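1. below is the structure, and that's it, no one-letter string:
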């Protein structure tokens, strides 16, 4: 029998199309596009360069937290302490720099190290005792929250030196002002998207989330990897702390109280499974934008903030439901 060719030979095959349609990021991307179309017809202010720049500014802090949260959830863990750790790091940076205890750059470096230390401690407690990640990070949430208020003495830190607010500066791109902090967040998403998809470390993270025993039998040092993932996530919370300070211009002890839930929301909406081993940083980026677009669009429409929270909660439930259904079909 001789092989025959068709005029459609080079086009996307049905199996490829099916993979694209069933990819975890396809649904979130479609939801993002539909939301953008809806809000562009609902308000004239939505579809502007300035508004899209504002959306990215509004989500850059939670987006950076969500990168760390994605890494942890991919290992079948979870981190409830990320917002509180970020708040403590931001207060440390701001107060040490404002009071002159340390030069601004050293204050930033120390803040990053402290946040990474929280992540390291979370990882060690999770792996070496071991304790469930939910319990460890819930306890660490309270520890970081208390330390933030003790160290800050319930006072907002103002008059920050230039290096702490530099990432809040803008540069023109056409008729739109872009913040440097937004570029940092986008760069981090690209970096970790590559790390997860193009490196052995990323493949090991997925393997760990799928099955700890199988990963161990294949030579993965699961304990070291888990501790490393939590430490890297903590460092990302430190970067988020710097972005928070640069955007607000102050060190606020009340900051970040719901950012842990917002980061989990973005990760789940972006298609990452809470059961580990399935998802991507790209999906999380889409999830962050979905949350930002919905809140921004509803605000422009004059919808009360409580209804924005309600809609976000519904989106989370729908996302987890879809994940459960897809897992059952995969079996």
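-> That came through fine. For clarity, every value in this text was computed on a predicted model and none was experimentally measured.
2. helices of the chain, start to end?
-> 14-22, 26-42, 49-74, 82-99, 104-128, 133-152, 162-165, 180-198, 200-210, 212-217, 222-248, 259-269, 281-300, 305-330 (DSSP state H).
3. among these, which is the most enclosed?
-> helix 82-99 (a mean of 28; mean count of other Cβ atoms under 10 Å). Glycine gets a C-beta too; all of them are placed from N, C-alpha and C.
4. so what does it touch, helix or strand wise?
-> Contacts defined by 3 or more Cβ pairs under 8 Å, 6 or more residues apart in numbering; DSSP states H and E place helix 82-99 against helix 49-74, helix 104-128, helix 133-152, helix 162-165, helix 222-248, helix 259-269.
5. could you export these as CSV, including mean pLDDT and distance to residue 97?
-> Shown next, in CSV, are these (pLDDT from 0 to 100; distance: least, Cβ to Cβ, whole Å):
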stretch, mean pLDDT, distance to residue 97
helix 49-74, 95, 19
helix 104-128, 96, 4
helix 133-152, 96, 14
helix 162-165, 92, 6
helix 222-248, 97, 9
helix 259-269, 92, 22
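6. for residue 88, find the nearest of those.
-> Among the helices and strands packed on helix 82-99, the nearest to residue 88 by Cβ to Cβ is helix 133-152 (4.5 Å).
7. ok, which of the helices of the chain comes nearest residue 174?
-> That would be, of the helices of the chain and by Cβ to Cβ, helix 49-74, which comes in at 6.5 Å.
8. now that closest one, how far from the chain's geometric center?
-> Remark: helix 49-74 is offset 6 Å from the chain centroid, using Cα atoms, centre = their mean, to the nearest Å.
9. that one packs against which elements?
-> Applying 3+ Cβ pairs under 8 Å, 6+ apart, one finds that helix 49-74 contacts helix 82-99, strand 176-179, helix 180-198, helix 200-210, helix 222-248, helix 259-269, helix 281-300.
10. if we can go back for a sec, for residue 301, find the nearest of the helices and strands packed on helix 82-99.
-> Using Cβ to Cβ, the helices and strands packed on helix 82-99 put helix 49-74 closest to residue 301, at 12.7 Å.
11. verify the stated contact: residue 76 with residue 279.
-> No: at 11.1 Å, residue 76 does not count as touching residue 279 under the criterion of Cβ atoms under 8 Å.
12. can you pull the contacts of residue 197?
-> With contact set as Cβ atoms under 8 Å, 6 or more residues apart in numbering, residue 197 has these partners: residue 280.
13. hmm, I typed the wrong one, I wanted residue 178.
-> 53, 170-172.
14. out of these, flag the one nearest to residue 154.
-> Nearest to residue 154 among the contacts of residue 178, counting by Cβ to Cβ, is residue 170 at 31.6 Å.
15. how close does the nearest residue to that closest one once chain neighbours are set aside sit to residue 163?
-> Of all residues not flanking residue 170 in the chain, residue 177 sits nearest, at 4.0 Å (Cβ to Cβ, 6 or more residues apart in numbering). Separation of residue 177 from residue 163 (Cβ to Cβ, to the nearest Å): 21 Å.
16. same question, residue 252
-> Counting by Cβ to Cβ, the gap from residue 252 to residue 163 is 18 Å.
17. what ranges in the stretch 201-331 of the chain fall below the confidence cut-off?
-> Under the criterion pLDDT under 70, the flagged ranges of the stretch 201-331 of the chain are 327, 330-331.
18. can you flag the buried ones in the contacts of residue 178?
-> Buried members of the contacts of residue 178, counted by 16 or more other Cβ atoms under 10 Å: residue 53.
19. return the subset of the contacts of residue 178 lying in strands.
-> Applying DSSP state E to those, the entries found in strands are 170-172.
20. between these, which is nearest residue 234?
-> residue 170 (28.7 Å).
21. so who does the closest one touch?
-> Applying Cβ under 8 Å, 6+ apart to residue 170 gives the contacts 177-180.
22. in a markdown table: those, plus pLDDT and distance to residue 155.
-> Formatted as a markdown table, the contacts of residue 170 follow (pLDDT from 0 to 100; distance: Cβ to Cβ, whole Å):
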| residue | pLDDT | distance to residue 155 |
| --- | --- | --- |
| 177 | 90 | 31 |
| 178 | 92 | 32 |
| 179 | 94 | 27 |
| 180 | 95 | 28 |
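23. my guess is residue 168 contacts residue 246. True?
-> Yes: using Cβ under 8 Å, residue 168 makes contact with residue 246 at a distance of 3.9 Å.
24. overlap of the contact sets of those two?
-> Counting by Cβ under 8 Å, 6+ apart, the residues touching both residue 168 and residue 246 are residue 181.
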